[in-house]
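Enquirer: What follows is a predicted structure for the sequence shown.
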Amino acid sequence: HTAEDSIGTGVGVLGDQKTLNTSFDGSAYSLIDNTRGNGIFTYDAANKINERNYFFRLPGSLWVDADNEFTSSYDRAAVDAHYYAGVTYDFYKDVFGRDSFDDNGAPIKSTVHFGRNYNNAAWVGTQMIYGDGDGSNFVELSGGLDVVGHELTHAVTDYSANLIYQDESGAINESMSDVFGTLTEFHEGINPDWDIGEDIYTPGVDNDALRSMSDPTKYDDPDHYSDRYTGTLDSGGVHTNSGIPNKAAYLISEGGAHSGITVTGIGRDKLGQIYYRALTQYLTESSTFSQLRSSLIQSATDLYGANGPEVVDVTAAFDAVGVQ
Ligand SMILES: CCC(=O)Oc1c(C)cccc1C(=O)O
Ligand SMILES: [Ca+2]
Ligand SMILES: [Ca+2]
Ligand SMILES: [Zn+2]
């Protein structure tokens, strides 16, 4: 008797109801979504796997439930990791025709309740992991769709440009994750914005976020090359200098005036197509910000023609953030 697909109900980190694709093996229901690629699988680290021992201990135990109702507070992190992985899978499939992060239907695995009071989320090379946060800086990090989209995009990047996670290539790596995490949020259309992590950051503080793409300086990240961080912290400021290409991406899509330059704005759909083509066809592991500019101009030219409004806006946006 093989397992059969089932539909469960769950409550997410923010207390929102959602239906889940689960699998029934005759006795219990597990968080296995067999409707997408070769499956989406969600696991529990039970706060017993941490940064020191994770490589031997991941993925933890497959998430099982007796009645196909995932409504306890402990369930919430798993509900959103599972559901948002599906949303992100659909985004890449529907918008770019990409079948999972490897474009070959790779199974997508997430582990929640990682560490203790762990204020991080990550793609660890084989799967995603999500901490619960400390309840003050963060709540369970899988509760943010842009966070899940960000983490899964690290996998897409690893299977395409494979941008080295250091200095400018690392900041591009980070920016790609913010861009596609945000485009995933707009694709789903529930409270989308150009902020990063707003749904799971500082529950006690309203209207703040981890980062802003529309105005990186709101959180002390640079929005111009002349203000880049040149130290060694955070692998050369990969989560800080990402503000420079993030600002450019925002301007390309939405338009605006910055550093005395006005960008018209070509919209999110064209931004996504231009960025996806650059990530998968032109960028390499050592690409610099300047090479990102030329890759995006080439992609816009390929897709929409030389000297069109798309090429004009990509050029103006990178001029505006000081990248030639
Ligand atoms: C938007 C998601 C994000 O930035 O996750 C991270 C956190 C919260 C801490 C450290 C690294 C990351 C990451 O995925 O880059
Ligand atoms: Ca957001
Ligand atoms: Ca907050
Ligand atoms: Zn990241």
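Expert: It's in. Ligands and ions are numbered 1, 2, ... in the order given.

Enquirer: what's the nearest residue to Thr280 once chain neighbours are set aside in contact with, if anything?
Expert: Leaving aside its sequence neighbours, Thr280 sits nearest to Ser160 (Cβ to Cβ, 6 or more residues apart in numbering; 4.5 Å). Yep, even glycine has a C-beta here, placed from its N, CA and C like the rest. Listed by Cβ atoms under 8 Å, 6 or more residues apart in numbering, the contact partners of Ser160 are 279-280, 283.

Enquirer: Just the ones of those residues in strands?
Expert: Secondary structure defined by DSSP state E assigns none of the contacts of Ser160 to strands.

Enquirer: Closest one to ligand 3 out of those residues, please.
Expert: Leu279 (29.6 Å; Cβ to the ion).

Enquirer: Verify the stated contact: that closest one with Tyr159.
Expert: No. Applying Cβ atoms under 8 Å, one finds Leu279 not in contact with Tyr159, separated by 10.1 Å.

Enquirer: I'd like the distance between the closest residue to Phe289 other than its chain neighbours and ligand 1.
Expert: Spatial nearest neighbour of Phe289, chain neighbours left out: Val323 (4.6 Å); criterion: Cβ to Cβ, 6+ apart. Separation of Val323 from ligand 1 (Cβ to the nearest ligand atom, to the nearest Å): 21 Å.

Enquirer: got a list of what Val323 touches?
Expert: 225, 244-245, 248, 289-290, 292-293.

Enquirer: ditto for His154
Expert: Contacts of His154 by Cβ under 8 Å, 6+ apart are 122-123, 173, 177.

Enquirer: Check Thr232 too.
Expert: Thr232 neighbours (Cβ under 8 Å, 6+ apart): none.

Enquirer: separation between it and Gly170?
Expert: Distance, Thr232 to Gly170, by Cβ to Cβ, to the nearest Å: 12 Å.

Enquirer: just to revisit the earlier point, and the residue nearest to Phe289, which of the three is it?
Expert: coil (DSSP: H, G, I helix; E, B strand; the rest coil).

Enquirer: Read off the pLDDT value for it.
Expert: According to the prediction, Val323 has pLDDT 98.

Enquirer: same deal with Ala306?
Expert: 97.

Enquirer: how close does it get to ligand 3?
Expert: 44 Å (Cβ to the ion, to the nearest Å).

Enquirer: What is the burial count for that residue?
Expert: 11 (other Cβ atoms under 10 Å).

Enquirer: can you confirm it is in a strand?
Expert: No. In this structure, Ala306 is coil, not part of a strand, as judged by three-state DSSP.

Enquirer: The residue in the stretch 1-150 of the chain positioned nearest to ligand 2 sits in which helix or strand?
Expert: Closest approach between the stretch 1-150 of the chain and ligand 2, counting by Cβ to the ion: Asp146, at 3.8 Å. Assigning secondary structure by DSSP states H and E places Asp146 in helix 145-158.

Enquirer: just how off-centre is that helix within its chain?
Expert: 3 Å (Cα atoms, centre = their mean, to the nearest Å).

Enquirer: Kindly report the same for stretch 277-284.
Expert: 17 Å.

Enquirer: Send me that stretch as PDB with only the CA atoms.
Expert: The C-alpha coordinates for stretch 277-284 follow below in PDB (Å, rounded to 0.1, in the frame of the first residue of the first chain):
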ATOM      1  CA  ARG A 277      18.200  35.800 -17.800                       C
ATOM      2  CA  ALA A 278      21.300  37.500 -16.300                       C
ATOM      3  CA  LEU A 279      21.400  35.100 -13.400                       C
ATOM      4  CA  THR A 280      21.100  32.000 -15.600                       C
ATOM      5  CA  GLN A 281      22.900  33.000 -18.800                       C
ATOM      6  CA  TYR A 282      25.500  35.700 -18.100                       C
ATOM      7  CA  LEU A 283      26.700  36.000 -14.500                       C
ATOM      8  CA  THR A 284      29.500  33.800 -13.300                       C
END
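
Enquirer: Tell me the residues of the stretch 201-324 of the chain that contact ligand 1?
Expert: Applying Cβ under 6 Å from any ligand atom, one finds that the stretch 201-324 of the chain approaches ligand 1 through Leu210.

Enquirer: ok and the residue in the stretch 201-324 of the chain nearest ligand 3?
Expert: Distances between the stretch 201-324 of the chain and ligand 3 by Cβ to the ion are smallest at Thr202, namely 3.7 Å.

Enquirer: next one: the stretch 51-200 of the chain
Expert: Closest point on the stretch 51-200 of the chain to ligand 3, by Cβ to the ion, is Glu198, at 6.5 Å.

Enquirer: Can you tell me the closest non-neighbouring residue to that residue?
Expert: Using Cβ to Cβ, 6+ apart, the nearest residue to Glu198 is Ala209, at 4.1 Å.

Enquirer: which ones are touching the one you found?
Expert: Contacts of Ala209 (Cβ under 8 Å, 6+ apart): 195-198, 201, 219.

Enquirer: More neighbours: which of Leu279 and Tyr159?
Expert: Ranked by neighbour count (other Cβ under 10 Å), Leu279 and Tyr159 place Leu279 first, with 26 against 16.

Enquirer: I'm done for today, thanks for sticking with me.
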